[in-house]
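> 3D, please:
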Amino acid sequence: MANMFLLLGVLGIAMVIFIWFIETRVWLVGRVVSIFVSLLGIGGWLKLKLAPKNPDETAIRISTEGIEAQTTPIAKAAGFIHSEDIADIFLNKNYMEILVSDPDKYAARMKNFFVRDTFVKAKNGIIPISIAEVDVTEEEMRSYIIKIVPKFKNN
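Sure thing, here's the model as predicted:
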């Protein structure tokens, strides 16, 4: 992911050089966009390289009481998801999506407006958890979930 941001930054710098020095008839919007793309790319790359996640931090914690994850903004904001609140779990290659029975309970925990709005309106009460960041296969994750959530239907 860091390399993608670096590539975006290099592309942005190339745009800045082209728009500011070679093709000078470009509108102001093009100049602003070129600067934004270069700053976004370089800034994202620096953030991922210089401030990596703590290796001791638990990405996903699964227990009989419920699930807690730190892999997506919605999952972080939702906090601990009690197993009795889990209506269903959908598991695919990179994501585990948890449908909660009371979305308003978890939306009330979310302090950031954009995260809460995404959870309520775009995700319709589904909490996405990225499993791409952990060293576990989809089948291993499926077996963990079956142990703690008996109503998991192997979706």
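> going forward, measure contacts and count neighbours with C-alpha atoms only.
Fine.
> For the longest helix seen in the chain, output the C-alpha coordinates as PDB.
Among the elements of the chain assigned as helix by DSSP state H, the one spanning the most residues is helix 28-50. Taking C-alpha atoms only, helix 28-50 is exported to PDB below (Å, rounded to 0.1, in the frame of the first residue of the first chain):
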ATOM      1  CA  LEU A  28      -6.000  26.800 -12.100                       C
ATOM      2  CA  VAL A  29      -8.000  23.700 -11.200                       C
ATOM      3  CA  GLY A  30      -5.400  21.500 -13.000                       C
ATOM      4  CA  ARG A  31      -2.600  23.100 -11.000                       C
ATOM      5  CA  VAL A  32      -4.400  22.600  -7.700                       C
ATOM      6  CA  VAL A  33      -5.200  19.000  -8.500                       C
ATOM      7  CA  SER A  34      -1.600  18.300  -9.500                       C
ATOM      8  CA  ILE A  35      -0.400  19.700  -6.200                       C
ATOM      9  CA  PHE A  36      -3.100  17.800  -4.200                       C
ATOM     10  CA  VAL A  37      -2.200  14.500  -5.900                       C
ATOM     11  CA  SER A  38       1.500  14.900  -5.200                       C
ATOM     12  CA  LEU A  39       0.900  15.900  -1.500                       C
ATOM     13  CA  LEU A  40      -1.500  13.100  -1.000                       C
ATOM     14  CA  GLY A  41       0.900  10.500  -2.400                       C
ATOM     15  CA  ILE A  42       3.900  11.700  -0.600                       C
ATOM     16  CA  GLY A  43       2.000  12.300   2.600                       C
ATOM     17  CA  GLY A  44       0.400   8.800   2.500                       C
ATOM     18  CA  TRP A  45       3.700   7.200   1.800                       C
ATOM     19  CA  LEU A  46       5.400   9.000   4.700                       C
ATOM     20  CA  LYS A  47       2.600   8.100   7.100                       C
ATOM     21  CA  LEU A  48       2.700   4.400   6.200                       C
ATOM     22  CA  LYS A  49       6.500   4.200   6.300                       C
ATOM     23  CA  LEU A  50       7.300   6.500   9.200                       C
END
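> Kindly report the domain assignment for this structure.
Domains of the chain are assigned by automatic domain parsing as 2-50, 60-148.
> How about the secondary structure of the residue nearest to F80 when sequence neighbours are not counted?
Nearest in space to F80, with sequence neighbours left out and distances taken as CA to CA, 6 or more residues apart in numbering, is E68 at 4.6 Å. When classified by DSSP: H, G, I helix; E, B strand; the rest coil, E68 comes out as strand.
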